[in-house]
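S.K.: After the sequence you'll find the predicted model.
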Amino acid sequence: MVTTEKLYDYFDSPSAPYVGAGRDKNFGFSLNTIAKDTISYASAHYHATGTTNVAYRLGGLVARLLTYHATVGGKKVVIYEVLANKGAYFYDVYWQSLKGNEALDLTLFKEIVGTFAPA
């Protein structure tokens, strides 16, 4: 099913993966603050573990690539998320899939991220 909401577009297949991209106001928060808050939220709500937070690029912008394992809807998943700031907005490109194919999933996610151009 493909759906468009006001600030976020996503694809949610019947089995996996879930892929989304969106933007929202950053309210003046730095990229590092947004990344830390995203990690805190994932830890609190999805029991995220093994989190990494590394430098990355998104459409030429300085970005952060977050990787973590979590439990969503009772299922063990891997999540990749790229965050970037541009002007008054932050951008979020997100991938979630079942654990077990992390190397292939990361390759596919990076291909998707490579096509993204923040407005």
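M.R.: It's in.

S.K.: From now on I want contacts and neighbour counts done on CA atoms only, so please keep to that.
M.R.: Will do.

S.K.: Strands along the chain, start to end?
M.R.: When assigned using DSSP state E, the strands of the chain occupy the ranges 2-4, 8-12, 18-25, 49-58, 61-72, 75-86, 89-98.

S.K.: Can you say which of the ones you listed is nearest to L106?
M.R.: Closest to L106 of the strands of the chain is strand 75-86 (CA to CA; 7.3 Å).

S.K.: Only the buried residues of the closest one, if you could.
M.R.: Buried residues in strand 75-86, counting neighbours by 16 or more other CA atoms under 10 Å, are found at K76, V77, V78, I79, Y80, E81, V82, L83, A84, N85, K86.

S.K.: Thought K99 was touching the fourth one, still the case?
M.R.: Right, the one you point to is I79. No: the pair I79 / K99 is not scored as a contact, 9.1 Å apart, by CA atoms under 8 Å.
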